[in-house]
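Trainee: What would the 3D arrangement of this be:
(chains A, B, C and D)
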Protein chains: 4
Amino acid sequence: MNKIAPSVSTIADGKHSLPVRVFYEDTDAGGVVYYANYLKFAERARTEMLREIGSEHQVMKKELGVGFVVRHCNADFRKPARLDDLLVVETEIMEVRGASIQMRQTVKKANEALVIMDVKLACMSIDGAAARIPEAVRAAMADLKITE
Amino acid sequence: MNKIAPSVSTIADGKHSLPVRVFYEDTDAGGVVYYANYLKFAERARTEMLREIGSEHQVMKKELGVGFVVRHCNADFRKPARLDDLLVVETEIMEVRGASIQMRQTVKKANEALVIMDVKLACMSIDGAAARIPEAVRAAMADLKITE
Amino acid sequence: MNKIAPSVSTIADGKHSLPVRVFYEDTDAGGVVYYANYLKFAERARTEMLREIGSEHQVMKKELGVGFVVRHCNADFRKPARLDDLLVVETEIMEVRGASIQMRQTVKKANEALVIMDVKLACMSIDGAAARIPEAVRAAMADLKITE
Amino acid sequence: MNKIAPSVSTIADGKHSLPVRVFYEDTDAGGVVYYANYLKFAERARTEMLREIGSEHQVMKKELGVGFVVRHCNADFRKPARLDDLLVVETEIMEVRGASIQMRQTVKKANEALVIMDVKLACMSIDGAAARIPEAVRAAMADLKITE
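Mentor: This is a model prediction of the structure:
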C-alpha cells in the first residue's frame, strides 16, 4: 500500500496510461472489483486520452457535431483487482478506420495484466447516424499511434 | 432465501412499496450493500410511484414540461442489507407544497427498517427554474396521501 | 410506456427471461443506458436463473463451497436502450463443460436485440482455485438446456 | 475545460481536498451527475484522507481490527455538476468522539459549493460491534483538525 494517489494520465511509447484507485464503490461482496466496473475504468481512460489529444467529449460534440459510442467490447478477465489496489489502464489505438476506432485497453496491477479489453468505437453524429471521424481527431490519434 | 423475485410495485394504506433484490452490483467488499446504493433503490421506488399515479418522467417532461430533482436527502443507515436479500422500499408522501414534495422512504427487510431516508424533491421546468407542481400530479399525490 | 413493472423471471423454451426496467441510475448524459450497465443487467439475470434452478450464490457457497466468476464477456452493442424502457434479458446456456459454462445473454426491447453478450463463467472454489461444477448444478442446467 | 486531470489529494488549513473528474458513468439522462454518485465521491475522499494519515482501510482492519461505516448522511444538493467537470471534494473533521466521527464534505466546482454532506461515521470491530476509535487514528485526526 503506497500513498501515491490516482493522478495525471500520461502518453508514452504509443500508449496512454491512467492510474485508477480501487474504492469500495468498485468492489462487491466477493471481495474483488465487480466485473462491469472494469468497463468504467476503460471509459475513464478513453475520455482522458481524448482530452490529452484535445478532443474532449464536449469539444467534439459542440465544434464537430460528433461523438464516440462503444459498438463492441471483448473483455478477458484474468485476475481480480481488490480494494485499495492502485491500477493502471493502458490504452493503445490499434486501428483508425473511416468511422471507427479499434483500441486495446489493459488493466494492470504492478505490470501484470488483470483484464484485457478489445474495444471498437464508432463515430456518430448528434442525430445518431454513423459519421466519419473528423480529420483533427484522426490526425491526433495517428500521432499517438506513430509514437509507438 | 425464497424464490419470489422482485416484482410489481403496490400502493396500500397510503404507502407505495417496491420490492428490490440485492445483487452483486449493489454490494461492496465489506459484504454489505454500499451506502450510496440505497439512494438508487429509493429513486427506483419514486420513479415507480410516479408511474403508478400516471406521472412517468417522460410524460411529465413532454406533456407538462417539468420534472423532479432531489434537493435534500437525510439518510439514516441503521442496519446493513446483504447479497441476495429481498428488500422492500416503502415510500410515503409527507407533504406536498407548491413547488416541492417531502417524502419518507424506508428500506425494509422482513418488516425491519434498515435505512430511513427523508427526501425533498423540487419541481423544475425544462430550463432549470423552479416550477409549480402540475395540478394533475398534485391531485394524484393527494389521493395517494389521503388513502393513509 | 406501460405500467407493467419489472417482475418475476421465467424459464421457457430453454431460455431464462428477466424483465429489467431502465432507471435514471442506468443512463448517462448521452441519454442512453451506460454501456457497462448492460453487464449489470446480465449478472442480475444469471443470478435469478441460478436462483430458479435452486443454486443461489449463498447456497452454492455454503453447501458446495463453490461460486461462478466471469472469465470472458464478448459484448455487441447494437442499439441503445433509454430511460423508462422495459427490457428483457434472455439467457441461454450454450455449453456446460467440466469447470465452465458458456452462456448467451441478449438484452431485448419489444423482441429487438439491443445488446448480445457471450459470457463464459468459470467455477471456483472458495480459495480461488478452479473447481468442477457440482453435479446438482450441472444437472439443473442440463435440464434447462434440454427444454430447448 | 482544462487539461489538469484528477490528481493527488492534499491537506491544508485543516481541510482535505480530493480532485474528482466527472465521467459518463457519473451522469444520468438528465445531463447531470446522478445524485447518489456524490456519495461515491465523498467516500473516495474519506478513503484518501484516511490513507493520507496512515489509516488505510486494510491497515485499520488488519492491524487494529476495526473499520468505519456510515451511520448518517445529510446531503444538500444545491447545484448540479456536469460531464467533464473537474470537482474538488473538501473534507473537514468536525468532531471526533469515542466511537464516531462527524465530518462535513463539500463538493465544489471552482470554489462554488454544489453539494454539502454532513456525514457521521461509526467505528466498528470486525464482528460488527461498536468499537472505540484506535488512539493512533484519533491522534492523526486531531492533528488534521488542529491545523485548521
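
Trainee: pretty sure residue A:69 is in a helix, no?
Mentor: No - counting by DSSP: H, G, I helix; E, B strand; the rest coil, residue A:69 is not part of a helix but strand.

Trainee: Wait, it touches residue A:121, no?
Mentor: Yes - with contacts defined as C-beta atoms under 8 Å, residue A:69 counts as touching residue A:121 at a distance of 6.8 Å. Every C-beta, even on glycine, is put in place using the N, C-alpha and C of the backbone.

Trainee: Which one's more surrounded, these two?
Mentor: The residue with more neighbours, out of residue A:69 and residue A:121, is residue A:121; 22 against 17, by other C-beta atoms under 10 Å in any protein chain shown.

Trainee: so the more buried one is in which element?
Mentor: strand A:112-125 (DSSP states H and E).

Trainee: Can you tell me what sits against whatever helix or strand comes next after that strand?
Mentor: Next helix or strand after strand A:112-125 toward the C-terminus (DSSP H and E): helix A:135-146. The contact list for helix A:135-146 (C-beta atoms under 8 Å, 6 or more residues apart in numbering or on different chains) reads A:11, A:14, A:16, A:49, A:53-55, A:60, A:64, A:93, A:96, A:101, A:133.

Trainee: run the last query once more with 7 Å
Mentor: A:11, A:14, A:53-55, A:60, A:93, A:96, A:101 (C-beta atoms under 7 Å, 6 or more residues apart in numbering or on different chains).

Trainee: Check the gap between residue A:107 and residue B:66 for me.
Mentor: Note on residue A:107: its distance to residue B:66, by C-beta to C-beta, to the nearest Å, is 42 Å.

Trainee: Could you check which of these two is surrounded by more residues?
Mentor: Between residue A:107 and residue B:66, residue A:107 has the larger neighbour count (other C-beta under 10 Å), namely 27 against 20.

Trainee: residue contacts, the more buried one?
Mentor: A:38, A:41, A:87, A:89, A:114-115.

Trainee: do the same with residue A:83
Mentor: A:22, A:24, A:27, B:29, D:57-58.

Trainee: just the buried members of these?
Mentor: A:22, A:24, A:27, B:29, D:57 (16 or more other C-beta atoms under 10 Å in any protein chain shown).

Trainee: Now, those residues that are in helices?
Mentor: Among the buried ones among the contacts of residue A:83, the ones falling in helices (DSSP state H) are residue D:57.

Trainee: which of the buried ones among the contacts of residue A:83 has the weakest pLDDT?
Mentor: Looking at the buried ones among the contacts of residue A:83 by pLDDT, the weakest one is residue D:57, with 76.

Trainee: burial measure for the closest residue to residue A:58 other than its chain neighbours, as a count.
Mentor: What sits nearest to residue A:58 in space, not counting adjacent residues and going by C-beta to C-beta, 6 or more residues apart in numbering or on different chains, is residue D:84, at 5.4 Å. As a burial measure, residue D:84 scores 18 neighbours (other C-beta under 10 Å).

Trainee: Would you verify that residue D:84 is located in a helix?
Mentor: No - according to three-state DSSP, the state of residue D:84 is coil, so it is not within a helix.

Trainee: residue contacts, it?
Mentor: Residues near residue D:84 by C-beta under 7 Å, 6+ apart: A:56-58, D:1, D:22.

Trainee: just to revisit the earlier point, now the contacts of residue A:83 in CSV, with distance to residue C:143?
Mentor: CSV is the format used below for the contacts of residue A:83 (distance: C-beta to C-beta, whole Å):
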residue, distance to residue C:143
A:22, 39
A:24, 39
A:27, 34
B:29, 35
D:57, 43
D:58, 43
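
Trainee: which one of those residues is nearest chain C?
Mentor: Lowest distance from chain C to those (C-beta to the nearest C-beta) belongs to residue A:27, with 13.8 Å.

Trainee: got the contact list for the worst-scoring helix or strand of chain A on mean pLDDT?
Mentor: None of the helices or strands of chain A scores lower by mean pLDDT, DSSP states H and E than helix A:57-59, at a mean of 76. For helix A:57-59, the external contacting residues (C-beta under 7 Å, 6+ apart) are A:47, A:67, D:1, D:83-84.

Trainee: Which helix or strand contains the residue nearest the centre of chain A?
Mentor: Centroid-nearest residue in chain A: residue A:46, 3.0 Å away (criterion: C-alpha atoms, centre = their mean). Per DSSP H and E: residue A:46 is located in helix A:37-52.
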